[in-house]
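**Q** sequence first, then the predicted structure, then my questions.
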Amino acid sequence: MQKSTTHQRLQNSIQTAYKRLGTWQRVGDKFGISRGLAYRIGVEGYNPKMPHLRATLGLPALAPAPVCPKHHVVHIRKTCPSDTPRKPREKTWPREPQWCRICRKWTAHGWSIGKGLHCRKCGQL
């Protein structure tokens, strides 16, 4: 996971505060968090996920799903709908009526393309 610039700045400011103040307890008190969380962010590079901690530290809120960089919204599908080219649908209906041997008439009530054309109404050619 790539760190955001805001998270890197927070990590650097916690590390400099530790060098100045000397203890993780004082660093945690300064930032309004626990000493353990201050240590994890400063040393281990932890990125808090809980919204109230992110708000306390001034980090941007996380969305429950990835936000589309183009539209700035969360799409239901995995890909952006405008980026995926649409395939033309396969035509299942002929342009002209065809002769069905079972119905014994010209019919245009649906033809499927599979192992040859067959009438949808009677199931055969």
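**A** Arrived safely, thanks for sending.
**Q** list the residues that contact residue 42.
**A** Applying CB atoms under 8 Å, 6 or more residues apart in numbering to residue 42 gives the contacts 11, 14, 15, 18, 24, 27. Every C-beta, even on glycine, is put in place using the N, C-alpha and C of the backbone.
**Q** these into CSV, with extra columns for pLDDT?
**A** Shown next, in CSV, are the contacts of residue 42 (pLDDT from 0 to 100):
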residue, pLDDT
11, 92
14, 94
15, 94
18, 95
24, 93
27, 93
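**Q** which of those residues fall in helices?
**A** 11, 14, 15, 18, 24, 27 (DSSP state H).
**Q** in three-state terms, label residue 69 for me.
**A** coil (DSSP: H, G, I helix; E, B strand; the rest coil).
**Q** circling back: farthest-separated two in the ones in helices among the contacts of residue 42?
**A** Farthest pair in these (CB to CB) is 11 and 24. Separation: 13.7 Å.
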